[in-house]
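Colleague: test case, fold it:
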Amino acid sequence: MTAYEQAVGGQDGIPHIWGRVVATARRTTADGLVVGTSGNVSARVGDVVLVTPTGVPYDRLGPGDAVGVDLQGRQVLGELSPTSELPMHLAVYRSTDAAAIVHTHAVHATAVSTLVTEVPLIHYMAAALGGPVRVAPYALYGTEELAGHILRALDGRTGCLLQNHGTLTYGATLDQAYDRTAQLEWMCRVWLTAAALPGRTPSLLTPERLDEAADKLRGYGQRG
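Modeller: Below you'll find the predicted structure:
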């Protein structure tokens with residue numbers, strides 16, 4: 001049985017998850033996190049990675065446009081070519097428990113990636129990404145070099161910035177990966193806004209305060 005055959009069918013199968021991938025990709029555009037066909041979204045279904053195709057506007061994608069590859073990058077589904085950023089998606093899936101990845105060119109996060117090597121601890125929601133968010137050094141998009149930088153930046157984290165490029169976050173679901181992207185962009189915007197005031201320096205959280213918030217966040221949300 002092929003990886004594709006193992007993954008087809010049901011609410012957790014390829015048709016359903018592909019629909020969620022497309023919806024999430026469209027959301028990145030609607031929320032201003034990408035422009036045109038920049039950025040990309042993927043989700044893992046068994047040993048198949050569903051990923052947005054390269055150079056195709058998200059509003060043109062339909063149920064018959066699913067693109068899938070195995071964990072070695074061999075295309076097992078679809079006629080469209082996968083995103084040029086495929087190496088970093090596969091590297092994250094092979095090295096973490098990620099089930100979904102969102103990559104954007106969000107304005108504020110990209111701006112911050114040009115200024116620092118780690119996002120300043122401006123807000124306790126950094127704990128939701130595992131701690132202070134690192135910036136992966138610049139490398140040409142779509143390369144194994146960039147994928148390697150990202151893996152190092154993600155060590156112990158669920159998101160990072162890509163220097164002069166954008167963001168990458170992952171999660172157990174597409175919703176979780178997207179929420180982490182949105183939180184990261186928001187934190188970067190807050191820091192840039194505060195840091196822009198002449199003669200003022202933003203107050204930052206200590207690592208101890210962040211650990212305190214991380215403990216409390218573990219019990220956040222509805223039970224059951």
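
Colleague: so where's the longest helix in this protein?
Modeller: When the chain is parsed with DSSP state H, its longest helix is helix 174-195.

Colleague: what's the first helix or strand after that one?
Modeller: Following helix 174-195 in sequence order, the next helix or strand is helix 207-217 (DSSP states H and E).

Colleague: just the strands in the protein please.
Modeller: All strands of the chain, identified by DSSP state E, fall at 40-45, 48-51, 68-70, 75-77, 100-104, 135-136, 159-162, 166-171.

Colleague: any chance of those strands in JSON lines, plus mean pLDDT, mean neighbour count and distance to residue 178?
Modeller: Any C-beta I mention is one placed from the backbone N, CA and C, and that applies to glycine too. Listed next are those as JSON lines, based on pLDDT from 0 to 100; neighbours: other C-beta atoms under 10 Å; distance: least, C-beta to C-beta, whole Å:
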{"stretch": "strand 40-45", "mean pLDDT": "98", "mean neighbour count": "26", "distance to residue 178": "8"}
{"stretch": "strand 48-51", "mean pLDDT": "98", "mean neighbour count": "26", "distance to residue 178": "15"}
{"stretch": "strand 68-70", "mean pLDDT": "98", "mean neighbour count": "21", "distance to residue 178": "20"}
{"stretch": "strand 75-77", "mean pLDDT": "96", "mean neighbour count": "18", "distance to residue 178": "23"}
{"stretch": "strand 100-104", "mean pLDDT": "98", "mean neighbour count": "28", "distance to residue 178": "5"}
{"stretch": "strand 135-136", "mean pLDDT": "98", "mean neighbour count": "22", "distance to residue 178": "20"}
{"stretch": "strand 159-162", "mean pLDDT": "98", "mean neighbour count": "27", "distance to residue 178": "11"}
{"stretch": "strand 166-171", "mean pLDDT": "98", "mean neighbour count": "26", "distance to residue 178": "8"}
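
Colleague: who's sitting farthest from the centroid in this structure?
Modeller: The outermost residue of the chain relative to its centre, with distances by C-alpha atoms, centre = their mean, is residue 199 at 34.4 Å.

Colleague: helices and strands around the longest helix of the chain, which ones?
Modeller: Judged by 3 or more C-beta pairs under 8 Å, 6 or more residues apart in numbering; DSSP states H and E, helix 174-195 is in contact with helix 14-30, strand 100-104, helix 107-113, strand 159-162, strand 166-171.

Colleague: which parts of it are buried?
Modeller: Residues 174, 176-178, 180-192 are the ones in helix 174-195 that count as buried (16 or more other C-beta atoms under 10 Å).
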